[in-house]
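Participant: show me the folded form of this:
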Amino acid sequence: MALRTLLGMTPPLPIRMHLMITCLMVTFGTLAGATLGLVASGQRLALVLAGAGGLGAGIWALLSRRQIVGFFQALLRPAREVAPVDGRAEGLADIVLASLSMYQAAMCPLTPSG
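Facilitator: Now for the predicted structure:
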């Protein structure tokens, strides 16, 4: 991917977004592992946990690349044409809401005497 950028071709936006998320996750995993290692034992454990955290986040990013890029592509895709709605579903939803509200008012009155 770096070679494409060096040659002047910018990768598509979903891939760039995945790359940014990957950088953040690897950085956070490394910092969290180093902090946990320093608090728990010392410098050696901090180094081991920082490497494990960064490596784990990097492997996660590689394994989930297709799903994340597909998610961002779906978000950036223009919305499809929606079929015209006649309002029947909204009317049914209003009737159900009104019925539930009346049932709640009858079964659970706000005053003790009803």
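Participant: number of nearby residues for residue 16?
Facilitator: When neighbours are defined as other C-beta atoms under 10 Å, residue 16 has 14 of them. From N, CA and C alone the C-beta is placed, and that goes for glycine too.
Participant: check which helices and strands the helix or strand harbouring it is in contact with.
Facilitator: Taking DSSP states H and E as the criterion, residue 16 maps to helix 13-40. If you count contacts as 3 or more C-beta pairs under 8 Å, 6 or more residues apart in numbering; DSSP states H and E, helix 13-40 packs onto helix 43-63, helix 65-76.
Participant: now do that helix against helix 65-76, angle only.
Facilitator: 130 degrees (axes from the mean of the first three to the mean of the last three C-alpha atoms, to 10 degrees).
Participant: got the buried residues for helix 13-40?
Facilitator: In terms of neighbour count (16 or more other C-beta atoms under 10 Å), helix 13-40 has its buried residues at 14-15, 17-19, 22, 25-26, 29-30, 33-34, 37.
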